[in-house]
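J.: structure of the sequence below:
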Amino acid sequence: MKKIMKININDKDFNVQESVTVQGLIDVLKLDIKSTAVAVNKEIISKNSYTEFRLKENDKVDLVSIAPGG
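T.: Residues are numbered from 1 along each chain as shown. Got it, this is the predicted structure:
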């Protein structure tokens, strides 16, 4: 059984599986990776690092999705 940890996403607390990657979080939230920018603790995470960057307890995650339109 996987452990659960608390993180903060866009100023809301969420429980996620311990050691989830940024990619795993994007998958769980069903976001489009092509149009989603991620910062963890105010540090922008490169898209190349999404599969390797592991979140930790109490991390503050900012997700920004760019929507096409005008």
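J.: pretty sure residue 3 sits against residue 15.
T.: No: checked against CB atoms under 8 Å, the pair residue 3 and residue 15 is beyond contact range at 10.3 Å. Every residue, glycine included, has its C-beta placed from N, CA and C.
J.: just the helices in the chain please.
T.: All helices of the chain, identified by DSSP state H, fall at 22-29.
J.: remind me which residues of it are low pLDDT?
T.: Where the chain drops to pLDDT under 70, the residues are 1, 69-70.
J.: so where do the strands sit in it?
T.: 4-9, 12-17, 36-40, 43-45, 60-65 (DSSP state E).
J.: list the contacts of residue 45.
T.: For residue 45, the contacting residues are 22, 38, 39, 53, by CB atoms under 8 Å, 6 or more residues apart in numbering.
J.: without its sequence neighbours, what residue ends up closest to it?
T.: residue 38 (4.7 Å; CB to CB, 6 or more residues apart in numbering).
J.: how near is that neighbour to residue 49?
T.: 9 Å (CB to CB, to the nearest Å).
J.: mind listing the shared neighbours of the two?
T.: Each of residue 22 lies in contact with both residue 38 and residue 49 under the rule CB under 8 Å, 6+ apart.
J.: out of these two, which sits in the busier spot?
T.: More crowded of residue 38 and residue 49, by other CB atoms under 10 Å: residue 38, with 23 against 12.
J.: distance check, the more buried one against residue 46.
T.: Counting by CB to CB, the gap from residue 38 to residue 46 is 9 Å.
J.: which residues are in contact with residue 24?
T.: With CB under 8 Å, 6+ apart, residue 24 has these contacts: residue 17.
J.: so what pairs up with residue 54 in the strands?
T.: For residue 54, the beta-bridge partners are residue 21 (DSSP bridges).
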